[in-house]
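Peer 1: I'd like to go over a predicted model; first the sequence, then the structure.
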Amino acid sequence: MTILILGGTTEATALARRLAETCPGMPALVSLAGRTSAPKPLALPIRIGGFGGIDGLGAFLAENRVAVVIDATHPFAAIMPFNAEAACRLAQVPLLALRRPPWTPVAGDTWIEAKDMADAAAALGAEPRRVFLTIGRQELGAFARAPQHHYLVRSIEPIGDVLPAPHVTRIEARGPFLVEDELALMRRERIDLVVSKNSGGAQTEAKLAAARGLGLAVVMVARPAKPDVATAETVDQALAWLAAHGLTPTERGV
């Protein structure tokens, strides 16, 4: 019986490593959406690409004798969590969502809350500003409606023409990032405002500390809705859930 991890996060990578170390030989698979052309190597086998909706995922669960599913997709994944909930419910396969806690503002932060990317673009205002977009590349198009700003875009993959604005500076980089490097970047680019998804985690949190240190406001985009399923916040909690389902060394007598 196979453990299926719907991956794409640092938590999915860490869980794969822990399973490979503590449960060698246990059938487990990490599924990636394929949005990154060169994903980081993982400690478990990888499949890349979609499933074909709820029905396709349900067929995959049956064909591969999947025992449990762990949804460790990105906090801003809006479709897969609901597909996983529906497919697992229909197939009667236990499902756990591994969701890191969101960031919360601390003393010195100036956050402008936005419900989505369109709301974030509107929050930039009419006056031209130098804006650091730290939201990846999938939703950059929302900012085309505010072409008066100069955008600094950082993404893992090239952004192509998804942001048709006259003033766009592109950086391709993968976290984690250091606070001192973020400070230097924002100073060099004379940033006025930072736009961020509330992804949580330590990989990209340094930008928030840098913005705080420079007295810059952050437009913080809220996470999309998620289905109501069993949830863990840490890899250790996920392993404990697997143990309760007989799928870790604790339960297998290893």
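Peer 2: Looks like it arrived, so ask away.

Peer 1: Specify the beta-bridge partners of the closest residue to R47 other than its chain neighbours.
Peer 2: Leaving aside its sequence neighbours, R47 sits nearest to S31 (C-beta to C-beta, 6 or more residues apart in numbering; 5.0 Å). (Glycine included, C-beta is placed from N, CA and C.) On the basis of DSSP bridges, S31 is bridged to L6, R47.

Peer 1: Next, work out how far apart S31 and T2 are.
Peer 2: Here S31 is placed at a distance of 11 Å from T2 (C-beta to C-beta, to the nearest Å).

Peer 1: now what about the helix or strand hosting L242, what contacts it?
Peer 2: Under the criterion DSSP states H and E, the helix or strand holding L242 is helix 235-244. Contact with helix 235-244 is made by 3, 11, 14-15, 18, 22, 68, 70, 72, 96, 98, 230, 232, 248, 250-251, as judged by C-beta atoms under 8 Å, 6 or more residues apart in numbering.

Peer 1: Looking at those, which is nearest V219?
Peer 2: Nearest to V219 among those is E11, at 25.1 Å by C-beta to C-beta.

Peer 1: dump the residue contacts of that closest one.
Peer 2: E11 sits in contact with 72, 98, 100, 201, 234-235, 238, where contact means C-beta under 8 Å, 6+ apart.

Peer 1: Now a PyMOL select for only the buried ones of the contacts of helix 235-244.
Peer 2: The buried subset of the contacts of helix 235-244, as determined by 16 or more other C-beta atoms under 10 Å, is captured in PyMOL by this line:
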select buried, resi 3+11+14+15+18+68+70+72+96+98+232+248
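
Peer 1: Looking at the contacts of helix 235-244, which is nearest P41?
Peer 2: The closest of the contacts of helix 235-244, once distances to P41 are taken by C-beta to C-beta, is A14, at 13.6 Å.
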